[in-house]
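Visitor: Structural data only, the sequence is not supplied:
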């Protein structure tokens, strides 16, 4: 009787163990399939960009290139030169985007930090209403401001220019940057500021000497958020610029749409990958902060 | 004077930004509202006309297609993103060794622009050389997949690409939510003999109500604003079969010289967002007050 029970127990134990390993395998299988699903377009993009058009016509999406050639990367980046100089290529527009992103990120981050500081550490009457009004700017559909903005840029004489795009992105980034810094500074104990105030430190001195030195994480989060959003923007770019002043996303779209003679899918994929590299790089290098920005942008208020 | 300056410095510092927001957000929205009540065509006109543009909008067949597409897209996009996101977050929550690595893979599409995503998927969905060819090469010779050039199906290609891009984000939100749940509750339920499945369905998911709320609001927000992806993937076509309100608005504003009509459609988008965001922000703020 005793032994039978023991055997029985062992049997049960073994079967639950087997069941558990089975579920473990199933788990990894499902997770692996999803990983494949998310990676497939990236794989296709890279592989296609390395093939010749002949290989593309003969093979399929998944087939590997015979020998790796970077010709389509060169074409996407700097064109073929000479013969079809009318073709769009990315290099000038890549620099346009850099020239647009760097000042816009700096301006919106700086003012966001100041606003967040003033809203949390120097409370004044109505500060919550002010913050709510900033916050609302995160949500508006930009279609509702597109037309007056186009007029305004025209009046200011900066339509179809990088400067114009810098202004637009700085303005509409303010809501997000203010939100980020406000939520970060709210969690910093007021005692730190009070002590500095008793010592007679001024508004700006407290900001630069006390708060900014401990703001590194939120600055990184904000800069990454703004960089990604502005680099990836298409609506403002395509509405307020064309031709030479266009940012890279607009140029990429134009490149894919203009079909001169034969559609060169390898060049399209190389171009798409080039346009995606900066943000992908940021994501790989600072994913933690990228995700924190995403969730901070979502759990608002 | 100096004292006054010192006392009001915080307000003075925030004033320029606030003025900018007042003018460029609130002022501009009001401008768009007003122009939607005028006869503006190629240039804005400021003499009041009434709500005729809104009547014109709602009797425009193209607008109906755009709104219908938005409804189809939104329903599918939100539901599929939630399903995939919740499933992945629960699977990743089972103490997986490669969790960080897998999470990175699931979320990277969020770092790409909609134009890059659209370009990549446009190629994959290419009716003769994309996925269709892949399957015929693999031996499924009857396989056809022409949604990109099929009037009836083109809107679903946008759903496919959009889900690919945004579902990882929902996963991240839910994973963060799952991590904040007290382990003791789960342990207690396990001791009581509850199965993993019932623990998730009856205990954990109901606790994630706020995460559901914010995920849905974000997804709705993304879908109402969808513009780039449509432009890059289908261009609103074939014809106008995959048109969306945001595409309609820019087409009227910049190509058709119908500024009044474009403003009317922008007002509709704005009001839709307002109807979603205001209750959400209100409940969020109340929840925070309750917690404080």
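Guide: Structure's in. What do you need? Remember, predicted model here, so these are calculated numbers, not experimental data.
Visitor: Report whether stretch A:195-205 contacts chain B.
Guide: Yes - under the criterion of CB under 8 Å from any CB of the partner chain, chain B is reached by stretch A:195-205 at A:202-203. For the C-beta atoms, the positions are set from N, CA and C on the backbone; glycine is no exception.
Visitor: What residues of that stretch count as buried?
Guide: Of the residues in stretch A:195-205, A:196-197, A:201, A:203 count as buried by neighbour count, 16 or more other CB atoms under 10 Å in any protein chain shown.
Visitor: ranges for the helices of the stretch 201-301 of chain A?
Guide: Listed in chain order, the helices found in the stretch 201-301 of chain A under DSSP state H, counting those that start in this stretch are A:203-205, A:216-232, A:235-240, A:248-257, A:265-298.
Visitor: in the last one, what counts as buried?
Guide: Neighbour-count burial for helix A:265-298 flags A:265-276, A:278-280, A:282-283, A:286-287, A:289-298 (criterion: 16+ other CB under 10 Å).
Visitor: Equivalent analysis for the second one, please.
Guide: Of the residues in helix A:216-232, those buried under the neighbour-count criterion (16+ other CB under 10 Å) are A:218-232.
Visitor: Likewise for the fourth one?
Guide: For helix A:248-257, the neighbour count (16+ other CB under 10 Å) marks A:248-253, A:255-256 as buried.
Visitor: and it, average pLDDT?
Guide: For helix A:248-257, the mean pLDDT works out to 90.
Visitor: same check, this time on the second one
Guide: Averaging pLDDT along helix A:216-232 gives 93.
Visitor: Direction-wise, compare it with helix A:265-298 and give the angle.
Guide: Here helix A:216-232 runs at 140 degrees with respect to helix A:265-298, directions being taken by axes from the mean of the first three to the mean of the last three CA atoms, to 10 degrees.
Visitor: just how off-centre is the helix-or-strand element of chain A with minimal mean pLDDT within its chain?
Guide: Per-element confidence for chain A was summarised using mean pLDDT, DSSP states H and E. The lowest value among helices and strands belongs to helix A:53-58, with a mean of 80. In terms of CA atoms, centre = their mean, to the nearest Å, the centre of helix A:53-58 is found 33 Å from the chain centre.
Visitor: near chain B at all, the next helix or strand after that helix?
Guide: The helix or strand immediately downstream of helix A:53-58 is helix A:71-78, counting by DSSP states H and E. No - judged by CB under 8 Å from any CB, helix A:71-78 makes no contact with chain B; its nearest approach is 11.3 Å.
Visitor: Show me what the helix or strand just after helix A:71-78 is packed against.
Guide: Proceeding C-terminally, helix A:71-78 gives way to helix A:91-121 as the next helix or strand, assigned by DSSP H and E. Here helix A:91-121 is seen to pack against helix A:71-78, helix A:127-136, helix A:162-186, helix A:216-232, helix A:248-257, helix B:2-21 when contacts are counted using 3 or more CB pairs under 8 Å, 6 or more residues apart in numbering or on different chains; DSSP states H and E.
Visitor: Export those helices to JSON lines and append columns for distance to residue B:244.
Guide: Supplementary listing: those in JSON lines, determined by distance: least, CB to CB, whole Å:
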{"stretch": "helix A:71-78", "distance to residue B:244": "28"}
{"stretch": "helix A:127-136", "distance to residue B:244": "23"}
{"stretch": "helix A:162-186", "distance to residue B:244": "21"}
{"stretch": "helix A:216-232", "distance to residue B:244": "18"}
{"stretch": "helix A:248-257", "distance to residue B:244": "16"}
{"stretch": "helix B:2-21", "distance to residue B:244": "27"}
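Visitor: Of all these, which one is nearest residue B:216?
Guide: The closest of these to residue B:216 is helix A:127-136. By CB to CB, the value is 18.6 Å.
Visitor: That closest one close to chain B?
Guide: Yes - contact of helix A:127-136 with chain B is found when judged by CB under 8 Å from any CB, involving A:130, A:132-136.
Visitor: who touches residue A:100 in this structure?
Guide: Taking CB atoms under 8 Å, 6 or more residues apart in numbering or on different chains, we find residue A:100 in contact with A:162, A:165-166, A:169, A:230, A:247.
Visitor: What of residue B:69?
Guide: B:155, B:242-244.
Visitor: give me that answer again for 10 Å
Guide: Contacts here follow CB atoms under 10 Å, 6 or more residues apart in numbering or on different chains; on that basis residue B:69 touches B:154-155, B:158, B:226, B:230, B:236, B:240-245, B:247-248.
Visitor: Between those residues, which sits nearest chain A?
Guide: Distance to chain A across the contacts of residue B:69 (CB to the nearest CB) is lowest for residue B:245, with 7.9 Å.
Visitor: ok, back up a step: quick one: contacts of the least confident helix or strand of chain A?
Guide: If you take CB under 10 Å, 6+ apart as the criterion, helix A:53-58 is touched by A:47-48, A:51-52, A:63-67, A:69, A:72, A:262-267, A:269, B:123, B:128-129, B:133.
Visitor: redo that, cut-off 8 Å
Guide: Applying CB under 8 Å, 6+ apart, the contact partners of helix A:53-58 are A:48, A:63, A:65-66, A:262, A:264-266, B:129.
Visitor: Mind telling me which residue of the stretch 1-150 of chain A is nearest chain B?
Guide: With CB to the nearest CB, the shortest gap between the stretch 1-150 of chain A and chain B falls at residue A:122, namely 3.5 Å.
Visitor: so which of the buried residues of helix A:216-232 also contact chain B?
Guide: Of the entries in the buried residues of helix A:216-232, those that also sit close to chain B under the rule CB under 8 Å from any CB are A:228, A:231-232.
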